[in-house]
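K.L.:
Predicted model and sequence follow; I will ask about them next.
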Amino acid sequence: MDTVANWAQRLHPAQHQPAGEPVLVLVPLGEVAPELLGALAARLGELLAAQVQVGAPLPVPASGLHPRRGQYLAPDLLRLLRQYLPAQADLALGVTELDLYAPRLNFVFGQAELGGKVGVISLARLRPGWYRQPPDPELLLLRALKEAVHELGHLRGAEHCPRPTCVMHFSHALADTDHKDYRPCPRCQAYYPLRRPGG
Ligand SMILES: [Zn+2]
Ligand SMILES: [Zn+2]
């Protein structure tokens, strides 16, 4: 069983930091609207007992873009983020407008190292415009929140959850993301330092 206390302790093993919540840095990979990043950081900070910050944008090398697919390989972005991990970050989540794919997958909404430090989410397929629907900033933010909480769960060691409403459920399509909650189910809650566990 993983509690909030031992999460913080493992991240700061040397000393007790009563006020020292783990630092999560959102890193824009390429150009991302600052308002969206700020709103996402605020929502994550309300949900998680963590200090959520927005880091400096990290330019993405154009050479990584697949010439035919017009997509970026998610593991390449994780490698980039690991290489330029902000010094204060206990965890870093890249946020990008690039459309992502992974080996054997046509696309991914995001990816993260299981039990690692870095993850990434793509906003491309979360935007209603991708599906020729009118812009909806609130919906985009909610979807981004769900994908961010999902990838953070992987960073905390959580695997996919069979409950379709749990944030750790795998999204095959956007309908899966829209169906699930932004919060983990009671079983998956153990992986997160939630501000209000069970609430
Ligand atoms: Zn996943
Ligand atoms: Zn679950």
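P.N.:
Received it, and whenever you're ready, just let me know what you need. Residues are numbered from 1 along each chain as shown. Ligands and ions are numbered 1, 2, ... in the order given.

K.L.:
Name the residues of the lengthiest helix in the chain that come out as buried.
P.N.:
Longest helix in the chain by number of residues, with DSSP state H as the criterion: helix 137-155. Within helix 137-155, the residues that qualify as buried by neighbour count (16 or more other Cβ atoms under 10 Å) are 140-155. Glycine gets a C-beta too; all of them are placed from N, C-alpha and C.

K.L.:
got it, and stretch 29-41?
P.N.:
If you call a residue buried by 16+ other Cβ under 10 Å, then stretch 29-41 has these buried ones: L29, G30, V32, L36, L37, A39, L40, A41.

K.L.:
can you check stretch 155-163 too?
P.N.:
For stretch 155-163, a neighbour-count test (16+ other Cβ under 10 Å) marks L155, R156, A158, C161, R163 as buried.

K.L.:
doesn't H179 make contact with R143?
P.N.:
No - contact between R143 and H179 fails when scored by Cβ atoms under 8 Å: they sit 11.4 Å apart.

K.L.:
so P128 makes contact with P135?
P.N.:
Yes - with contacts counted by Cβ under 8 Å, P128 reaches P135, the gap being 6.2 Å.

K.L.:
So the two - more neighbours on which side?
P.N.:
Neighbours per residue, other Cβ atoms under 10 Å: of P128 and P135, the larger number sits with P128, 15 against 9.

K.L.:
Kindly state the pLDDT recorded for the residue most central in space within the chain?
P.N.:
Within the chain, one residue has its C-alpha closest to the average C-alpha position: by Cα atoms, centre = their mean, that is A148, at 2.7 Å. According to the predicted model, the pLDDT of A148 comes to 98.

K.L.:
mind listing what it touches?
P.N.:
Remark: with contacts taken as Cβ atoms under 8 Å, 6 or more residues apart in numbering, A148 is in contact with L26, L40, L44, L93, V95, G110, I121.

K.L.:
Skip the chain neighbours and tell me the closest residue to the third one.
P.N.:
In space, not counting the residues next to it along the chain, L44 is nearest to V52; the distance is 4.7 Å by Cβ to Cβ, 6 or more residues apart in numbering.

K.L.:
do you know how far the one you found is from ligand 2?
P.N.:
22 Å (Cβ to the ion, to the nearest Å).

K.L.:
Flag every residue of this structure that's near ligand 2.
P.N.:
C161, R163, C166, M168, C185, C188 (Cβ under 5 Å from the ion).

K.L.:
what's the burial count for Q53?
P.N.:
Other residues within reach of Q53 by the criterion other Cβ under 10 Å amount to 16.

K.L.:
One more: L81?
P.N.:
Number of residues near L81 (other Cβ under 10 Å) recorded here: 24.

K.L.:
per-residue confidence for it?
P.N.:
In this model, L81 carries a pLDDT of 97.

K.L.:
Pull the contacting residues for it.
P.N.:
For L81, the set of contacting residues under the criterion of Cβ under 8 Å, 6+ apart consists of V27, L29, L58, A92, G94, V118, V120.
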